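>>> This is a predicted model, with the sequence first.
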Amino acid sequence: MRPVAGAASLGLRAERGARRALGRRAEDAALATLDAVLASRVGAEAVDRVLASDLAVRAVGKALEGPLVEAVATDVVRYAVLERLAEGAFEDPELERVLVAALDSPAAERLLAAALDSPAAERFLVRVLESKLLDEAVQRLLEGEELWLVVNEIAQSPAVTEAITRQSIGFADQVAGGVRGGSRSADAWLERAARRALRRPPAGPPPEAP
Amino acid sequence: MTRAIAFAVDAAIIDLIALVVGVGVGLALSILSISDDLQTVLLACGAAAFAVWSVAYFAVFWSTTGQTPGNRLMHIRVCDADDGTVLSPRRSLLRFGALLLAALPLFAGFLPVLVDDRRRGLHDMLAGTVVVGVPSRVPSP
């Protein structure tokens, strides 16, 4: 009986090995076929047709109607997908360059000017100015000590005091100049009247310092 | 008119300073008990000090820069009638005395200013001085 059992066991082992080898070859052949299909013009055409078909539209619609969107959103939040993307994007110098170029462009300026000139911007500004929020903010600002510290700091700065001094001197000079002009005119008028009364010829210009 | 305004400014300065000093001295003396006789003497001293202060004010300015603050404000200057130089202290004192003389007959001594070719009053003629205009300086940038 022993030789028979050994032969049966050998046969079973050979059968299993042959099946495994056949399976691997079949998998490789299937993948190679798939690669060939994907790389071929026919594959691309087929994908285009599928995407353009009603079936694809219905499938996407069904997907958006179903719980897929919520699940994706939950996963996006859970795995901090947006943060990771933003981090990567903000650290990219290329993004900075693109942003600077965009802001420097005449188109951005035009866009900003158009936005500021629009009636909507005016309405927004009017609403902000009329809102209680602004009044409250101003009130809080006036009640805070920080504002007065800043005002004191500015008022005591050398530039401001110098400007005020210069302004005051300029004003005093202006007043003195006015007085001088008026008194010179009065001098001339009195002189003319006195000389006319005494029948004397008009005097020459007043003497000037050498 | 220009000289009158200049003189008024100078008088205001003289009086203001005299007032401040007088009030200060008066307050200091108020804590002391002073007899009437001494008060009279102090008043006379105060009057004399005021007179000296007034004379000194004009004499010093005329003999140093030729311009009192009032003159400076009105852009005029007192100088020698012959060569245009600054007055000596002696000439300044003489001009001040002549100024008082010109003011005595109801300020009639100032009237020649209106008809004299060099705009000189009696005091200028007596002291040999003349008042000239000072051109305005262009302010430096």
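Nice, I can see it.

>>> Touching the helix or strand bottoming out on mean pLDDT in chain A from outside, list them.
Between all helices and strands in chain A, the lowest mean by mean pLDDT, DSSP states H and E belongs to helix A:81-90, at a mean of 77. If you take Cβ atoms under 8 Å, 6 or more residues apart in numbering or on different chains as the criterion, helix A:81-90 is touched by A:Asp75, A:Val76, A:Leu95. In this view, the C-beta of every residue, glycine as well, is placed from N, C-alpha and C.

>>> same deal with stretch A:19-38?
For stretch A:19-38, the external contacting residues (Cβ under 8 Å, 6+ apart) are A:Gly43, A:Ala46.

>>> Return it as PDB; C-alpha atoms alone will do.
What follows is stretch A:19-38, C-alpha atoms only, in PDB (Å, rounded to 0.1, in the frame of the first residue of the first chain):
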ATOM      1  CA  ARG A  19      -1.600  24.900 -11.600                       C
ATOM      2  CA  ARG A  20       0.400  27.700  -9.800                       C
ATOM      3  CA  ALA A  21       2.700  28.100 -12.800                       C
ATOM      4  CA  LEU A  22      -0.200  28.300 -15.100                       C
ATOM      5  CA  GLY A  23      -2.000  30.900 -12.900                       C
ATOM      6  CA  ARG A  24       1.100  33.100 -12.900                       C
ATOM      7  CA  ARG A  25       1.400  33.000 -16.600                       C
ATOM      8  CA  ALA A  26      -2.300  33.800 -17.000                       C
ATOM      9  CA  GLU A  27      -2.000  36.800 -14.700                       C
ATOM     10  CA  ASP A  28       1.100  38.100 -16.600                       C
ATOM     11  CA  ALA A  29      -0.600  37.700 -19.900                       C
ATOM     12  CA  ALA A  30      -3.800  39.500 -18.600                       C
ATOM     13  CA  LEU A  31      -1.700  42.500 -17.300                       C
ATOM     14  CA  ALA A  32       0.300  42.700 -20.600                       C
ATOM     15  CA  THR A  33      -3.000  42.700 -22.500                       C
ATOM     16  CA  LEU A  34      -4.300  45.500 -20.300                       C
ATOM     17  CA  ASP A  35      -1.200  47.500 -20.800                       C
ATOM     18  CA  ALA A  36      -1.400  47.100 -24.500                       C
ATOM     19  CA  VAL A  37      -5.000  48.100 -24.500                       C
ATOM     20  CA  LEU A  38      -4.300  51.200 -22.400                       C
END
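
>>> could you give me the average pLDDT of that stretch?
Averaged over stretch A:19-38, pLDDT sits at 87.

>>> Helices along chain A, start to end?
A:2-39, A:41-52, A:54-65, A:68-78, A:81-90, A:93-104, A:106-117, A:119-130, A:132-143, A:145-155, A:158-197 (DSSP state H).

>>> Could you tell me which ranges of the chain sit under the pLDDT cut-off?
Answering for chain A, as no chain was given. A:1, A:209-210 (pLDDT under 70).

>>> To clarify, I was referring to chain B.
In chain B (pLDDT under 70), the answer is B:137-141.

>>> What residues does it have near chain A?
B:1-2, B:5, B:73-75, B:77, B:79, B:84, B:111, B:114-115, B:117-119, B:130-136 (Cβ under 8 Å from any Cβ of the partner chain).

>>> how many neighbours does residue 87 have?
By default, I'm working from chain A. If you count neighbours by other Cβ atoms under 10 Å in any protein chain shown, A:Glu87 ends up with 11.

>>> To clarify, I was referring to chain B.
That count, for B:Leu87 with other Cβ under 10 Å as the rule, works out to 22.

>>> A strand includes B:Gly66, no?
No. Under DSSP: H, G, I helix; E, B strand; the rest coil, B:Gly66 falls outside any strand and is assigned coil.

>>> which residue sits closest to residue 102, ignoring its sequence neighbours?
Just going to use chain A. A:Ala108 (5.8 Å; Cβ to Cβ, 6 or more residues apart in numbering or on different chains).

>>> not quite, I wanted chain B
Leaving aside its sequence neighbours, B:Ala102 sits nearest to B:Gly109 (Cβ to Cβ, 6+ apart; 2.4 Å).

>>> just checking, that neighbour touches B:His123?
Yes. Judged on Cβ atoms under 8 Å, B:Gly109 makes contact with B:His123 at a distance of 6.5 Å.

>>> Touching both of the two, which residues are there?
Shared contacts of B:Gly109 and B:His123 (Cβ under 8 Å, 6+ apart): B:Ala98, B:Leu101, B:Ala102.

>>> ok, so of those residues, who is nearest A:Asp54?
B:Ala102 (120.0 Å; Cβ to Cβ).

>>> Just the buried positions in the host helix or strand of the closest one, please.
According to DSSP states H and E, B:Ala102 maps onto helix B:89-103. Of all the residues in helix B:89-103, those buried under the rule 16 or more other Cβ atoms under 10 Å in any protein chain shown are B:Arg91, B:Ser92, B:Leu93, B:Leu94, B:Arg95, B:Phe96, B:Ala98, B:Leu99, B:Ala102, B:Ala103.
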